[in-house]
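>>> just need the structure, nothing else, for what follows:
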Amino acid sequence: MKFLEGKSLRVAKKFFVAIIGFTLLIVGAAMIVLPGPALIVIPLGLAILATEFLWARRVLKRLKNILKEGPEKIHRRETLFSGRKEGR
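Presented below is the predicted three-dimensional model:
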């Protein structure tokens, strides 16, 4: 019986996390076209989902890598299109 109690508690927690996380993702997606801090709400929803779901951890990790590389890629692209060399 205790096994079932622990399992039902885990399922309930996973369900609660899914509801909160997906709600934040949907609200964040709506904030892309509506006024609001979409760039804060979407990663927050992913972070909540990442506590229970592996796919959300992977998406969040990919998003972090994109944000880290973003300024460097923009600089390289500007240098490429301006015709200047990197060191100048």
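>>> quick one: distance of the one helix or strand residue 22 maps to to the chain centre.
Assigned by DSSP states H and E, residue 22 falls within helix 2-33. Centre-to-centre, helix 2-33 and its host chain are 15 Å apart (CA atoms, centre = their mean, to the nearest Å).
>>> show me what it is packed up against.
helix 38-50 (3 or more CB pairs under 8 Å, 6 or more residues apart in numbering; DSSP states H and E). For glycine as for every other residue, the C-beta is placed from the backbone atoms N, C-alpha and C.
>>> isn't residue 48 up against residue 16?
No. Counting by CB atoms under 8 Å, residue 48 sits too far from residue 16 to count as a contact (9.9 Å).
>>> pick out whichever of those two has more residues nearby.
Neighbour comparison, residue 48 and residue 16: the larger count goes to residue 48, with 21 against 12 (by other CB atoms under 10 Å).
>>> can you tell me the closest non-neighbouring residue to that one?
Excluding the flanking residues, the one nearest residue 48 by CB to CB, 6 or more residues apart in numbering is residue 21, at 4.1 Å.
>>> burial of that neighbour, as a residue count?
21.
>>> do the same with the one 10 residues further on
When neighbours are counted by other CB under 10 Å, residue 31 registers 16.
>>> got a list of what the closest residue to it other than its chain neighbours touches?
Nearest non-adjacent residue to residue 31, counting by CB to CB, 6+ apart: residue 38, 3.7 Å away. Going by CB atoms under 8 Å, 6 or more residues apart in numbering, residue 38 touches 28, 29, 31, 32.
>>> just the buried residues of those residues.
Applying 16 or more other CB atoms under 10 Å to the contacts of residue 38, the neighbour count classes 28, 31 as buried.
>>> now distance to residue 58 and pLDDT too, for the contacts of residue 38, in JSON lines please.
As requested, the contacts of residue 38 are exported to JSON lines (distance: CB to CB, whole Å; pLDDT from 0 to 100):
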{"residue": "28", "distance to residue 58": "18", "pLDDT": "96"}
{"residue": "29", "distance to residue 58": "19", "pLDDT": "95"}
{"residue": "31", "distance to residue 58": "23", "pLDDT": "95"}
{"residue": "32", "distance to residue 58": "22", "pLDDT": "94"}
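>>> any idea which of the contacts of residue 38 is the one closest to residue 61?
residue 28 (17.9 Å; CB to CB).
>>> that's all I had, so thanks and see you.
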